[in-house]
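*Asks:* structure of the sequence below:
(chains A and B)
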There are 2 protein chains.
Amino acid sequence: MEAENIESMTLDSVKNFVEEAIEDLVLEKISSPLDRPVMSIARDVLLGGGKRYRPILAILAYKAAGGKDHREVLDLALSSELIHTATLVHDDVYDQSKMRRGKPTIHTTHGISHAIISGDYLFALGFEFGAKYDERVTGKVRDKCAGIASGEIRQFEHIHDLNTSPEDYYEIIDGKTAGPFAYGCSSAAMIAGSNEEIFNALESYGMELGRAFQLVDDILDLIGDDLIGKPRGTDVHEGKMTLPIIYALTMLHGTDREHLKDVLTNFGDDRLHELVELLERAGSFEYGKLLVSNHVERALAHIETLPASDEKDLLREIAMISESRTN
Amino acid sequence: MEAENIESMTLDSVKNFVEEAIEDLVLEKISSPLDRPVMSIARDVLLGGGKRYRPILAILAYKAAGGKDHREVLDLALSSELIHTATLVHDDVYDQSKMRRGKPTIHTTHGISHAIISGDYLFALGFEFGAKYDERVTGKVRDKCAGIASGEIRQFEHIHDLNTSPEDYYEIIDGKTAGPFAYGCSSAAMIAGSNEEIFNALESYGMELGRAFQLVDDILDLIGDDLIGKPRGTDVHEGKMTLPIIYALTMLHGTDREHLKDVLTNFGDDRLHELVELLERAGSFEYGKLLVSNHVERALAHIETLPASDEKDLLREIAMISESRTN
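*Replies:* This is a model prediction of the structure:
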């Protein structure tokens, strides 16, 4: 592993450090006969950009929790990005998504078989890195995966279910997104050898940030800019009941509500504009953004008591950026 | 975990011990809110029978290597069965198999999404158990998974490739089957704290047994009995170039070879009998069985020098049974 130093602590420098570590990993595996056939296929999606939130958070949480040498947490950071990428590759198969990180998905270029196998391989790699720590950390990695799987199964139970409640929604996103953010931050604190208070603070920070992050994602699916890397309205096509939609179904009445139901059950790209208009009328985006603000505020409050550090500042910065991002 | 004792060391008692441990695991996870949604779906294939070769081998190898308390190796045994089951669930998706272990596959009953997610979950569980040991064992678990993934990718490269060589075939089966058998046995020896000689002996035993096992599977796909749990000719439908076919393509000439090519490229259930006749004429089954005998003999030779024990005898028994099984 060549990537060793972070020159100064900015979000960009941490991201660059992560990118280099991923590149080193790909190079190492691609030169091993055992890994080459499958890494040749998995390489593109791994190197294909992405925000790298999860590994960045692991590094920042580790340092903010008092960790001295960020190389100690690198394996956890890589593990979280590998497992996240694995879930993306698999999600794209069953969601039949054509684009990911601005490029064609593996199942589009290589077929379903190769996408499933590449995802499995990325999982295995991710677990290997996660297993370099003690059992408590490995347990968190596993809990994260069980939560993602259960969250996704729950999401399917509510596909096209117009009676989905906000509580159902939070149960889903806590499993698939917020839990992984939370466990990522707290296991980094564990590796740093932090006390329970800091551990809990970072886990709660991760949970609230993850909720904000998923809410923003769900809003951007409807009104994000062109840099989002996938077509707008993807969630609606897939029948996913995201919060802006759930809220509008509660707030609208009479013909507006019938209209909304019709758009949702007979959705097509040509109806996205119609849907967005209805959601605006219901106040869904304002409400969604208010929830995002609340989660970000809570995230910030949770780390308030952490000792001052550059990394604590960057954790604050990430939370604030996540609120205002447009893709 | 309730399953704790193996009353007397027979293959049946070891298998029962494994079955009970799997049942306990399912019960434990199904009562956890984090796991319940996905374990409810994964449960059936986990409890649906199967030969349990991999966990049985882990336990026997551990004891044959001098391990004192088989509960120490139970997590590795479970890990190998969980990861194996995960690969089966995923294989069945892209092979579009309708039956597994005599029951409808998950993607048939619940859809592709649920099958992919359940498989991912089983992988995560399998890794968690594999990660309960030190880094060398975890490394073997990862190598196993990388080998399976690469073996499967290589197999796809040779789908319907009538020029596939026996070397290609061995590269594929070493990755997807023999390697996992080998690593399973040697990591069990590691856990038992064995010396290098015993470690190597058991790894080589596992490798040869795994080759024999896969060769027998490939022969049974063509001429197995009805208890095999899936339709005969499945591999041929999928265009997999198994050894009996590769051998016949080399041995047959003139019109017989053209006939064989025609059967392979225009295969249907009604042509299985025709294919089997051609392979018989080529001597494919005799040759295949000869190779199986050779691998079994080599497997037995590798463990010859192990100290005498009931478990060593059972490792011999498994090798001999694997040679003569008909489903």
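
*Asks:* can you name every helix or strand that the helix or strand of chain A with the lowest mean pLDDT contacts?
*Replies:* In chain A, no helix or strand scores lower on mean pLDDT, DSSP states H and E than strand A:99-100, which sits at a mean of 86. Packing partners of strand A:99-100 (3 or more Cβ pairs under 8 Å, 6 or more residues apart in numbering or on different chains; DSSP states H and E): helix A:74-95. In this view, the C-beta of every residue, glycine as well, is placed from N, C-alpha and C.

*Asks:* please state the offset of the helix it packs on from the chain centre?
*Replies:* 9 Å (Cα atoms, centre = their mean, to the nearest Å).

*Asks:* next: stretch A:23-30.
*Replies:* Counting by Cα atoms, centre = their mean, stretch A:23-30 comes out at 23 Å from the chain centroid.

*Asks:* stretch A:146-163 too?
*Replies:* That offset, for stretch A:146-163, works out to 16 Å (Cα atoms, centre = their mean).

*Asks:* any residue of it touching chain B?
*Replies:* Yes: using Cβ under 8 Å from any Cβ of the partner chain, stretch A:146-163 reaches chain B at A:146-150, A:152-154, A:156-157.

*Asks:* show me what contacts the closest residue to chain B within the stretch 151-300 of chain A?
*Replies:* At 4.2 Å from chain B, A:Ile153 is the closest residue in the stretch 151-300 of chain A, using Cβ to the nearest Cβ. Contact analysis of A:Ile153 by Cβ atoms under 8 Å, 6 or more residues apart in numbering or on different chains lists B:37-38, B:41, B:114, B:117.

*Asks:* if you set the cut-off to 10 Å instead, what comes out?
*Replies:* Residues in contact with A:Ile153 (Cβ atoms under 10 Å, 6 or more residues apart in numbering or on different chains) are A:172, A:175-176, B:36-42, B:110, B:113-114, B:117-118, B:121.

*Asks:* got the CA positions of the helix or strand in which it is found in CSV?
*Replies:* Taking DSSP states H and E as the criterion, A:Ile153 maps to helix A:135-157. The C-alpha trace of helix A:135-157 is given here as CSV (Å, rounded to 0.1, in the frame of the first residue of the first chain):
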residue,chain,number,x,y,z
GLU,A,135,-14.3,-9.1,16.9
ARG,A,136,-16.3,-6.0,18.0
VAL,A,137,-15.4,-4.2,14.8
THR,A,138,-16.1,-7.3,12.7
GLY,A,139,-19.4,-7.6,14.4
LYS,A,140,-20.3,-4.0,13.4
VAL,A,141,-19.3,-4.7,9.8
ARG,A,142,-21.7,-7.7,9.9
ASP,A,143,-24.5,-5.8,11.6
LYS,A,144,-24.1,-3.2,8.9
CYS,A,145,-24.6,-5.8,6.2
ALA,A,146,-27.5,-7.4,7.9
GLY,A,147,-29.1,-4.0,8.3
ILE,A,148,-28.5,-3.1,4.6
ALA,A,149,-30.1,-6.5,3.5
SER,A,150,-33.1,-6.2,5.9
GLY,A,151,-33.6,-2.5,4.9
GLU,A,152,-33.7,-3.4,1.2
ILE,A,153,-36.1,-6.3,1.8
ARG,A,154,-38.3,-3.9,3.8
GLN,A,155,-38.1,-1.4,1.0
PHE,A,156,-39.4,-4.1,-1.4
GLU,A,157,-42.3,-4.8,0.9
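
*Asks:* what about it, average pLDDT?
*Replies:* In this model, helix A:135-157 has a mean pLDDT of 94.

*Asks:* could you give the angle of that helix to helix B:135-157?
*Replies:* Put simply, helix A:135-157 runs at 40 degrees to helix B:135-157, going by axes from the mean of the first three to the mean of the last three Cα atoms, to 10 degrees.

*Asks:* need the buried ones from the contacts of A:Ile153 selected in ChimeraX.
*Replies:* Applying 16 or more other Cβ atoms under 10 Å in any protein chain shown to the contacts of A:Ile153, the buried members can be selected in ChimeraX as follows:
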select /A:172,175,176 /B:37,38,39,41,42,110,113,114,117,118,121
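
*Asks:* between the contacts of A:Ile153, which is nearest A:Leu57?
*Replies:* Of all the contacts of A:Ile153, A:Lys176 has the smallest distance to A:Leu57: 16.2 Å, by Cβ to Cβ.

*Asks:* spatially, what comes nearest to the closest one if we skip its sequence neighbours?
*Replies:* Distances taken as Cβ to Cβ, 6 or more residues apart in numbering or on different chains place A:Gly151 nearest to A:Lys176, at 3.4 Å, with adjacent residues excluded.

*Asks:* burial measure for the one you found, as a count.
*Replies:* Burial of A:Gly151 is recorded as 24 neighbouring residues (other Cβ atoms under 10 Å in any protein chain shown).

*Asks:* from B:Gly233, how far out is it?
*Replies:* Here A:Gly151 is placed at a distance of 40 Å from B:Gly233 (Cβ to Cβ, to the nearest Å).

*Asks:* measure A:Ser324 to A:Ser204 for me?
*Replies:* The spacing between A:Ser324 and A:Ser204, counted by Cβ to Cβ, is 22 Å.

*Asks:* let me fix that: A:Leu300
*Replies:* A:Leu300 sits 11 Å away from A:Ser204, taking Cβ to Cβ as the criterion.

*Asks:* ok, A:Leu264 next?
*Replies:* Distance of A:Leu264 to A:Ser204, computed by Cβ to Cβ: 34 Å.

*Asks:* equivalent analysis for A:Pro244, please.
*Replies:* To A:Ser204, A:Pro244 is 25 Å away according to Cβ to Cβ.

*Asks:* between these two, who's got more neighbours?
*Replies:* Neighbours around A:Pro244 and A:Ser204, counted as other Cβ under 10 Å, are more numerous at A:Pro244. The numbers are 28 against 18.

*Asks:* what kind of secondary structure is that one in?
*Replies:* At A:Pro244, secondary structure determined by DSSP: H, G, I helix; E, B strand; the rest coil is helix.

*Asks:* pretty sure it sits against A:Leu275.
*Replies:* Yes: using Cβ atoms under 10 Å, A:Pro244 is in contact with A:Leu275, at 9.4 Å.

*Asks:* neighbours around A:Asp218, how many?
*Replies:* For A:Asp218, the count of nearby residues is 22 (other Cβ under 10 Å).

*Asks:* the one 10 residues further on too?
*Replies:* For A:Ile228, the neighbour count with other Cβ under 10 Å is 18.

*Asks:* test my guess that A:Ser322 contacts A:His295.
*Replies:* Yes: using Cβ under 10 Å, A:Ser322 is in contact with A:His295, at 9.3 Å.

*Asks:* which residues are common contacts for those two?
*Replies:* Residues touching both A:Ser322 and A:His295 by Cβ under 10 Å, 6+ apart: A:209-210, A:212-213, A:215-216.

*Asks:* for those residues, which one is nearest A:Ile59?
*Replies:* Closest to A:Ile59 out of those is A:Leu209 (14.7 Å), distances taken as Cβ to Cβ.

*Asks:* excluding covalently adjacent residues, which one is nearest to that closest one?
*Replies:* Distances taken as Cβ to Cβ, 6+ apart place A:Ala299 nearest to A:Leu209, at 4.5 Å, with adjacent residues excluded.

*Asks:* the one you found belongs to a strand, doesn't it?
*Replies:* No: A:Ala299: not assigned to a strand; according to three-state DSSP it is helix.

*Asks:* so what's it up against?
*Replies:* A:181, A:185, A:204-213, A:315-316, A:318-320, A:322-323.

*Asks:* redo the shared contacts of A:Ser322 and A:His295 as TSV? Include pLDDT and neighbour count.
*Replies:* Output for those, formatted as TSV (pLDDT from 0 to 100; neighbours: other Cβ atoms under 10 Å in any protein chain shown):
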residue	pLDDT	neighbour count
A:Leu209	98	29
A:Gly210	98	28
A:Ala212	98	25
A:Phe213	97	26
A:Leu215	97	27
A:Val216	97	22
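
*Asks:* closest one to A:Leu46 out of these, please.
*Replies:* The shortest approach to A:Leu46 among those belongs to A:Phe213, at 20.7 Å (Cβ to Cβ).

*Asks:* so that closest one sits right up against A:Tyr53, yeah?
*Replies:* Yes: between A:Phe213 and A:Tyr53 there is a contact at 7.1 Å, judged by Cβ under 10 Å.

*Asks:* alright, I will stop here.
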